[in-house]
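Q: next come a sequence and a model predicted from it.
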Amino acid sequence: MTHGNNAKSLPQILAALAAAGGALVAGTVLGWSSQIETELVTNDKYGFDISEEQFSWFSSITNLGAGFMCIPTGYLCGLIGRKFTLLGLAIPLILGWSLVTFANENGMILAGRFFLGMGSGGFCVAAPMYTGEIASKNIRGTLGSFFQLMITLGILVAYILGAYCSLFVYNIICFVLPFIFIITFAFMPESPRYLEAETKAALQRLRGDSYDITAELNELKSEDEKSKNENVNAFAALGKKVGIKSLFIGLGLMFFQQLSGINAVIFYSGSIFKDANTGMSMTICTIIVGIVQVVATFVSTLIVDKAGRKLLLIVSAVSMAICTICLGVYFYMQKQDEESVKDIAWLPLASLILFICMFSIGFGPVPWLMMGELFSHEIKSIASSLCGTTNWMLAFIVTKAYGPLKDGIGGGPVFWIFSGISLIGGVFVFLATPETKGKTLAEVQAHLEGSSANKSNPQKLKRTTIFVKYLKSVYFFYFKLFV
């Protein structure tokens, strides 16, 4: 048997899809509020008053719950394993949907949404970690992209249910989804990188009975022995140069994902469709946006192992920057003189669709995919947790800061800020982010520790280090600006 070529893909695909089932649930959490604001604020569907301010917190408090849960999730992944952590994350989701479904006061909805955020945030740490560890190097990109694909699918499901189902039926369907996840994922194997005595059996099950796992098993054992010989705990490993570098890359990807302008673009989608004279209702417009996200993310899953992570991220960043520049110009001109933009009503609509497509093939799925690839076994739990926490906290900050910022300087300049950040993100990826396509996890670590090419070219390494330091300063500048 030849190592690598005979590994069966189906067991890995099934395991990755089952793990991504939690992302589907998380997607319904994220999309829940989009179609029902009028029902809750104006029509009192719950039977008690809900103000617009309270409703805004129903959306944003999930980010706080998610950020709160990321670090405990990383700890649990190391303590009880990836599989049982993922199964356990269904508990706050079930509790959250119970509170939201049967709420008789605002506090119950807030508490429920916080619990739903906890479950969603936990999945963002554990699922990419699990998928990255079970997948063969030749399909790891595709399987890792399942996570974002299922999130977008969950958001689309929420858009459709919110538009065409009663609130109670909508909530009940969402309540059932975590149970379906438990049933499907319970039969999947644990990550071979977490197991010790059962590593061989788990690896053979994932690769197929006819596949020779010897080389891959030896690689896992070699990494484990290296870790034991060095006797380094997670925090000490995180303090090493390679740990700092991988964490910086992970945090940077999360930063540029959230500050790409995706939330602002979706916020403006209704008015953009209206200005384009499409004649479609907000409900239909929202569903169209959801469909575009799902289709574009699906395309990403098909090409990520061929095109590579780095190319998709760079193309995504540059394209998003161009789109937000166009949106900024349109809204700036509209603010100055509404008549001046009547002939270019197509521009924001085209920019909107292209932006969502480009986000969905690059900065949407790839950062989550790379969370399962960048970190060594010693720091994976804590580093993934820190990246997840950063992502959700930035989501909360951007969501809350966007409105006041738009009112203060206008929609156009806000989009131009996003353009600048996206361009910096493209430079960051080009200079600091490694290509992980086709590499084993051990090879990724070897590359981060210093490839032979970098060692033989100290001048290149020096220039890269200078640019990385520069980008660090830019990162912290923007972080402080938005905090």
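A: Thanks, I have the structure now. Numbers count the residues shown, from 1 in each chain.

Q: quick one: secondary structure of the most centrally placed residue in the chain?
A: The chain has W368 as the residue nearest its centroid, 4.7 Å off, counting by C-alpha atoms, centre = their mean. At W368 the chain is in helix, as set by DSSP: H, G, I helix; E, B strand; the rest coil.

Q: how much space separates it from I151?
A: Distance of W368 to I151, given as C-beta to C-beta, to the nearest Å: 8 Å. Heads up, the C-betas are built off the backbone N, CA and C, glycines and all.

Q: repeat that for C326.
A: 26 Å.

Q: in terms of neighbours, single out the busier of those two.
A: I151 (31 against 20; other C-beta atoms under 10 Å).

Q: contact partners for the more buried one?
A: 23-24, 26-27, 30 (C-beta atoms under 8 Å, 6 or more residues apart in numbering).

Q: show the pLDDT at it.
A: If you check I151, the pLDDT there is 94.

Q: about what we covered before: tell me how far the residue nearest to the centre of the chain lies from A401.
A: Counting by C-beta to C-beta, the gap from W368 to A401 is 23 Å.

Q: re earlier: let me see the contact set for the residue nearest to the centre of the chain.
A: Contacts here follow C-beta under 8 Å, 6+ apart; on that basis W368 touches 124, 128, 144, 147-148.

Q: circling back: reformat the contacts of I151 as JSON lines; add pLDDT.
A: Putting the contacts of I151 into JSON lines (pLDDT from 0 to 100) gives the following:
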{"residue": "A23", "pLDDT": "93"}
{"residue": "L24", "pLDDT": "95"}
{"residue": "A26", "pLDDT": "94"}
{"residue": "G27", "pLDDT": "93"}
{"residue": "L30", "pLDDT": "90"}
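
Q: in helices, which of these appear?
A: If you go by DSSP state H, the contacts of I151 have 23-24, 26-27, 30 in helices.

Q: which one of those residues is nearest to G408?
A: Nearest to G408 among the ones in helices among the contacts of I151: L30, at 26.7 Å, using C-beta to C-beta.

Q: still on that earlier bit, only whichever of the ones in helices among the contacts of I151 are buried, select them in PyMOL.
A: In PyMOL, this line selects whichever of these come out buried by 16 or more other C-beta atoms under 10 Å:
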select buried, resi 23+24+26+27+30
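
Q: out of the ones in helices among the contacts of I151, flag the one nearest to S98.
A: Nearest to S98 among these, with distances taken as C-beta to C-beta, is A26, at 16.9 Å.

Q: how about that closest one: what's its closest non-neighbour residue?
A: Spatial nearest neighbour of A26, excluding adjacent residues (C-beta to C-beta, 6 or more residues apart in numbering): S120 at 3.7 Å.

Q: domain ranges for this structure?
A: By the assignment in the TED database, the chain contains the domains 8-231, 236-452.

Q: now the helix or strand containing I160: buried residues?
A: Assigned by DSSP states H and E, I160 falls within helix 140-164. Using 16+ other C-beta under 10 Å as the test for burial, helix 140-164 gives 140-163.

Q: quick check: what element follows that helix along the chain?
A: Reading on from helix 140-164 to the C-terminus, the next helix or strand found by DSSP H and E is helix 167-185.

Q: mind listing residues that contact that next one?
A: By C-beta under 8 Å, 6+ apart, the list of residues contacting helix 167-185 from outside reads 18-19, 21-22, 24-25, 28-29, 32, 36, 39-40, 45-46, 83, 86-87, 90, 93-94, 97-98, 100-101, 119, 158, 161-162, 165.
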